[in-house]
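Visitor: just need the structure, nothing else, for what follows:
(2 chains)
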There are 2 protein chains.
Amino acid sequence: MTLPSRNALVPFVSVDNMMRLVLHIGIEQVLRDLAAEIEADFRRWPQFDKTPRVASHSEIGVIELMPTSDGETYGFKYVNGHPSNMKKGLQTVTAFGLLADVQTGYPLMLSEMTILTALRTAASSAMAAKHLAQPGATTMALIGNGAQAEFQALAFKAVCGITEVRLYDIDPAATRKCARNLTGLGLNILQCQTPEAAIEGAQIITTCTADKQYATILTDNMVGAGVHINAVGGDCPGKTELHRDILLRSSIFVEYPPQTRIEGEIQQLDPDHPVTELWQVLTGAAQGRSNAREITLFDSVGFAIEDFSALRYVHSRLRGSGLFQDLDMIADPDDPRDLFGMILRAASA
Amino acid sequence: MTLPSRNALVPFVSVDNMMRLVLHIGIEQVLRDLAAEIEADFRRWPQFDKTPRVASHSEIGVIELMPTSDGETYGFKYVNGHPSNMKKGLQTVTAFGLLADVQTGYPLMLSEMTILTALRTAASSAMAAKHLAQPGATTMALIGNGAQAEFQALAFKAVCGITEVRLYDIDPAATRKCARNLTGLGLNILQCQTPEAAIEGAQIITTCTADKQYATILTDNMVGAGVHINAVGGDCPGKTELHRDILLRSSIFVEYPPQTRIEGEIQQLDPDHPVTELWQVLTGAAQGRSNAREITLFDSVGFAIEDFSALRYVHSRLRGSGLFQDLDMIADPDDPRDLFGMILRAASA
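Guide: Residues are numbered from 1 along each chain as shown, chains lettered A, B, ... in the order given. As a prediction, this is how the structure comes out:
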């Protein structure tokens, strides 16, 4: 058959190529770069077309589409969340995403996003903490030592200067896995037997557990004054990690309120409970941390703009890298009205 | 680096492989099959998770995501609509889609859908006409002879037994292209100089033009009693093809009212103007055509379930065909919690 035209070809970044790209740049550098890209995009927040993600819920999990556009480039991510996958030997969260040109609607890049989501989630967390945690924070408790944990630890090292990470997971095997992976990467790693031990002396507490249920990873008496809480795991209706009383004592920062009120920790609160949009802290339009005793909480659920930033970053690094394949994805006959003729010509070729 | 696991691989149907598959089965057979699949899925309409498509509009076009699920399988389509693309030598509409397993959220197949959308749109039109047009209809006017035209003509031949197609386009070159492509495929093809000439003696009128504006392809005096109108081209806000007076004389059938009221011809009418859902005609819950003088109008905008049916059909034909490539799209480490370790192992491999 005839060769596809140049417009028909969409660069695809496979899992293998994503790993090569990340290793080529360096994981910590990628996390720093992503934090900078996400921060830059949050600073121009009003330019984006924003919508809560489109979720298809089942009893066992959720499949979501997360689109956004800045008027020049369009991006979306497909992502699932299936906590029970782990028992089947599958990833709880897998993802892929696409960038497209708003002027033509033609795709610019298709990419794996399971790894990229782990990176951008950690980079977003660290970027938020850089602005909300107490200056000079050096110790982070990391509760939940699953697939996201090492990315969080390294992002807080690379972006916030964290030097000590205190691990706890309900499953000690997860903690051992996490500690082993973080060995030799320049962090002081402690494996703790209880969540209480993990948060001892921590200026930052990150929770990233994955049960699809209302869970109470942190209770009120565990959280002292001045702490920054980075709540990553509570991210869909019916899935929370923090006791409501902690929320009531905290200054709460969110990505996009219409989505977070449904999916975040604040689904436990009244729909008009005051929250601050993180992008407004970055532009100076809203106050971040106001004093050293304040508890700040980043109620993170993940927003489409973070994926957009991450996809654009990967796209910007592709040229000349050789780390992609061209997919014959777009039917592009010479005469655009002659789609049918393209099939006829394929038949005779 | 290490080879991707079996779960990491997603079958991808390229444009080239889609053409091979369609030619292998036969275009008319594919159109008949798709009409049957779409009808079967419309008959079980209440089982589907339905939502209006998620559109990102710009001044120049639209990019849409169209998800649905039947509880076992999830599908979505990415599709753009950029009427001005044609002048740039690009397709007005391009698309790709994905099927996934609701139980795990893992993708089952990625496929081009530019060609598949053209096929499913024509199959949906013909399926609707089979139920709504006068029995024994043999002649169709086809107004708008662009990328969708030949698919419509063949679908009405294959599904409804149409023997004569009367072509008209504002651009005679499009009509010549369409007539040339349809030569020798068993239809009597007439090229007409005016829309009035095209609709002469036609029991079915199909309009499929692509301007993103309110256009009046058909005016009221052109439409006689008993005709079935298949309005394909009016499919987004601000884009219609029929004069409002025609709508007021017609019995109107739609796919999914919440979407059609925004995107279809009926955006010209009051939001409570009565319309009938096509799936209810198929199940017998609602009346279709009631008499030989009635004007029936299928105000088609395209709905996610049609894409779902089409993707499932393609997926069912893939096994053993060799007409796909495996994409390394899903990061799937042996221990699902050890995503980070997968990168570390890639580094040392």
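
Visitor: assign A:Pro258 to helix, strand or coil.
Guide: Under the three-state scheme (DSSP: H, G, I helix; E, B strand; the rest coil), A:Pro258 adopts helix.

Visitor: do I have it right that it meets A:Pro52?
Guide: Yes - using CB atoms under 8 Å as the test, A:Pro258 is close enough to A:Pro52 to be in contact (5.2 Å). The C-beta positions use only the backbone N, C-alpha and C, and glycine is treated the same way.

Visitor: name the nearest residue to A:Phe156, ignoring sequence neighbours.
Guide: Closest residue to A:Phe156 in three dimensions, ignoring its sequence neighbours and counting by CB to CB, 6 or more residues apart in numbering or on different chains: A:Ile162, at 4.0 Å.

Visitor: and that neighbour, how close does it get to B:Gly144?
Guide: Distance of A:Ile162 to B:Gly144, computed by CB to CB, to the nearest Å: 61 Å.

Visitor: higher neighbour count, A:Pro258 and A:Pro52?
Guide: Taking neighbours as other CB atoms under 10 Å in any protein chain shown, A:Pro258 and A:Pro52 compare with A:Pro52 leading, 19 against 11.

Visitor: ok, the residue nearest to the more buried one when sequence neighbours are not counted - contacts?
Guide: Using CB to CB, 6+ apart and skipping residues adjacent in sequence, the residue nearest A:Pro52 is A:Gln259, 4.2 Å away. A:Gln259 makes contacts with A:52-53, A:301, A:303, as judged by CB atoms under 8 Å, 6 or more residues apart in numbering or on different chains.

Visitor: any idea of the mean pLDDT for stretch A:264-275?
Guide: What stretch A:264-275 shows for mean pLDDT is 94.

Visitor: what's the longest helix in chain A?
Guide: Ranked by residue count and defined by DSSP state H, the top helix of chain A is helix A:114-132.

Visitor: tell me the mean pLDDT for that helix?
Guide: 97.

Visitor: what of stretch A:199-215?
Guide: The predicted model gives stretch A:199-215 an average pLDDT of 84.

Visitor: then stretch A:37-44?
Guide: Computed over stretch A:37-44, the mean pLDDT rounds to 98.

Visitor: pull the distance from it to the chain's centre.
Guide: Counting by CA atoms, centre = their mean, to the nearest Å, stretch A:37-44 is centred 14 Å from the centre of its parent chain.

Visitor: in it, what counts as buried?
Guide: For stretch A:37-44, burial by neighbour count (16 or more other CB atoms under 10 Å in any protein chain shown) applies to A:37-39, A:41-42.

Visitor: list, out of those residues, those positioned next to chain B.
Guide: Counting by CB under 8 Å from any CB of the partner chain, nothing from these sits close to chain B.

Visitor: ok, those vs A:Glu150, which is closest?
Guide: Using CB to CB, the shortest approach to A:Glu150 within those belongs to A:Ile38, at 19.1 Å.

Visitor: and for that closest one, nearest residue in space, chain neighbours not counted?
Guide: Sequence neighbours aside, A:Ser309 is the residue nearest to A:Ile38 in space, at 4.5 Å (criterion: CB to CB, 6+ apart).

Visitor: ok, and what's touching stretch A:281-296?
Guide: The contact list for stretch A:281-296 (CB under 8 Å, 6+ apart) reads A:39, A:42-43, A:45, A:131-134, A:223, A:225-229, A:246, A:249-251, A:253, A:276-277, A:280.

Visitor: quick one: least confident of the contacts of A:Gln259?
Guide: Taking pLDDT as the measure, the contacts of A:Gln259 have their low point at A:Pro52 (79).

Visitor: that residue sits in which helix or strand?
Guide: With elements taken from DSSP states H and E, nothing contains A:Pro52; it lies in neither a helix nor a strand.

Visitor: also A:Leu247?
Guide: Using DSSP H and E, A:Leu247 falls in helix A:244-249.

Visitor: how about that helix: buried residues?
Guide: Of the residues in helix A:244-249, those buried by neighbour count under the rule 16+ other CB under 10 Å are A:246-247.

Visitor: wasn't A:Phe76 part of a helix?
Guide: No - applying three-state DSSP, one finds A:Phe76 to be strand, outside a helix.

Visitor: identify the residues contacting it.
Guide: A:65-68, A:97-98, A:304, A:307, B:65, B:78.

Visitor: please repeat the previous calculation with a cut-off of 10 Å.
Guide: A:53-54, A:64-69, A:96-100, A:304, A:307-308, A:311, B:54, B:56, B:63, B:65, B:76, B:78 (CB atoms under 10 Å, 6 or more residues apart in numbering or on different chains).

Visitor: just checking, A:Glu255 touches A:Asp307?
Guide: No - the pair A:Glu255 and A:Asp307 fails to qualify as a contact (CB atoms under 10 Å) at a distance of 11.5 Å.

Visitor: got a list of contacts for the lowest-mean-pLDDT helix or strand in chain A?
Guide: Of all the helices and strands that make up chain A, the one with the lowest confidence by mean pLDDT, DSSP states H and E is strand A:214-218; it has a mean of 75. Residues lying outside strand A:214-218 but in contact with it, judged by CB under 10 Å, 6+ apart, are A:141, A:143-144, A:168, A:170, A:195, A:199, A:205, A:207-209, A:211, A:227, A:229, A:231, A:233-234, A:238-246, A:267-268.

Visitor: that strand: how far from the chain's middle?
Guide: Strand A:214-218 has its average C-alpha position 21 Å from the chain's average C-alpha position, going by CA atoms, centre = their mean.

Visitor: and stretch A:269-277, by the same measure?
Guide: Stretch A:269-277 has its average C-alpha position 22 Å from the chain's average C-alpha position, going by CA atoms, centre = their mean.
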